[in-house]
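Student: I'll drop the sequence and a predicted model, then ask my questions.
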Amino acid sequence: MQKLKILISRAIQPEVIAKLARHFEVESNQPDVLWTKPQFIEKLQGKQGVFTTGGERIDAELMAACPSLKICANMAVGYNNFDVPAMTAAGVLATNAPDVLTETTADFGFALLMATARRMAESEHFLRAGLWTRWRYDMFAGSDIHGSTLGIIGMGRIGQGIARRGAHGFGMNVIYHNRTRLDAAQEAECKARYVGKEELLKTADHVVLVLPYSPASHHTVGAAELALMKPTATLVNIARGGIVDDAALAVALRENRIAAAGLDVFEGEPKVHPDLLTVPNVVLTPHIASATVPTRLAMAHLAADNLIGYLTQGRAVTALNALLKAAP
Ligand code: GLV
């Protein structure tokens, strides 16, 4: 029987390509060429599945041009690169890669919070530049993590992981805001208290953003929200670019209206707002919150399992548009 065909849009772990090749005729992209949309569409001709990594836009126009496509498997928990309603309408299954990255991403969120509050990047640049000639009592004095108030906006699996770290590991007072309130058992496990967004912004010493991006969450933190925060507060964004108004944040940082920010995601990444590159009180990382060797491998295996499960047995592991249950 002729094998179905899939496309892998970016370089991925060779063992995952080998696994996919046991089931499909695979076209991979190990040189990691960044295709234009017309090139991507061209590559997708005659393919039943595509392995995406989060940056590839899958929309109605693309699906209309790729009638053989049955499934797009994202190697990311976030899927704002997918137009899921359009995919559903076109009969294309969308899958993401949740759960396997939860603890790794929560670790990173906490690390970024600590690096930001304790001014680690700024002080390292100072040392490397040879500026450390003597001690001063207030040199890189930051703010405490232990015993402070941690405000989390977006209390899904990763948000809860950060809450547990803060409450149990650092004795933080955890407050959160979310579209829906957690149940009592989850709140108890995270030692977290539900509050309104305004109260959270006004009272938290550290605000961590972990909510999914959608038009509704665009600029969840903009100039007005930054103005509510304490001047001593830190802001951490490990969610998605566009959740924060980066231009407004750069102004707030430059004018010390908040103390510091830690950003792993950016509006228009991999471009970074130029003003963020010149303010000192910000820690910048290139969207690496899930980047450990085992977790990135687990994410790739999950995306591969979704392709294999759906195209060979009609059952994906983590389907986003659940109505597409039938075998393609
Ligand atoms: C990373 O940002 C992801 O969504 O997995």
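Tutor: Received, thanks.
Student: Can you tell me the centre-most residue of this structure?
Tutor: The centroid of the chain falls nearest to A239 when counting by CA atoms, centre = their mean (4.4 Å).
Student: Close to the ligand: what parts of this protein are there?
Tutor: Neighbours of the ligand within the chain, by CB under 6 Å from any ligand atom: G54, A76, V77, G78, L101, S290. (C-beta placed from N, C-alpha, C; glycine too.)
Student: what would those look like in CSV with distance to E189?
Tutor: CSV is the format used below for those (distance: CB to CB, whole Å):
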residue, distance to E189
G54, 29
A76, 26
V77, 21
G78, 24
L101, 20
S290, 22
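Student: which helix in the chain runs the most residues?
Tutor: helix 293-313 (DSSP state H).
Student: What is the burial count for H125?
Tutor: Applying other CB atoms under 10 Å, we find 11 residues neighbouring H125.
Student: Which residues lie in contact with it in this structure?
Tutor: Listed by CB atoms under 8 Å, 6 or more residues apart in numbering, the contact set of H125 reads P280.
Student: any idea which element it lies in?
Tutor: helix 120-128 (DSSP states H and E).
Student: quick one: that helix to chain centroid distance?
Tutor: With CA atoms, centre = their mean, to the nearest Å as the basis, helix 120-128 stands 26 Å off its chain's centre.
Student: Give me the contact list for the helix or strand just after it.
Tutor: Using DSSP H and E, the helix or strand that follows helix 120-128 in sequence is strand 149-153. Strand 149-153 has contacts (CB under 8 Å, 6+ apart) with 113, 159, 162-163, 166-167, 172-178, 192, 195, 197, 200-201, 203-211, 220-221.
Student: Drop anything exposed from the residues you listed.
Tutor: Among the contacts of strand 149-153, those scoring as buried are 113, 159, 162-163, 166-167, 172-178, 192, 195, 200-201, 203-211, 220-221 (criterion: 16 or more other CB atoms under 10 Å).
Student: Tell me the secondary structure of the residue nearest to the centre of the chain, please.
Tutor: Under DSSP: H, G, I helix; E, B strand; the rest coil, the three-state class of A239 is coil.
Student: give the contact list for it.
Tutor: By CB under 8 Å, 6+ apart, the contact list for A239 reads G154, L209, V210, L211, P212, Y213, S217, V265.
Student: The fifth one: neighbour count?
Tutor: To tie it back to what came earlier, the one meant is P212. Close neighbours of P212, defined as other CB under 10 Å, add up to 16.
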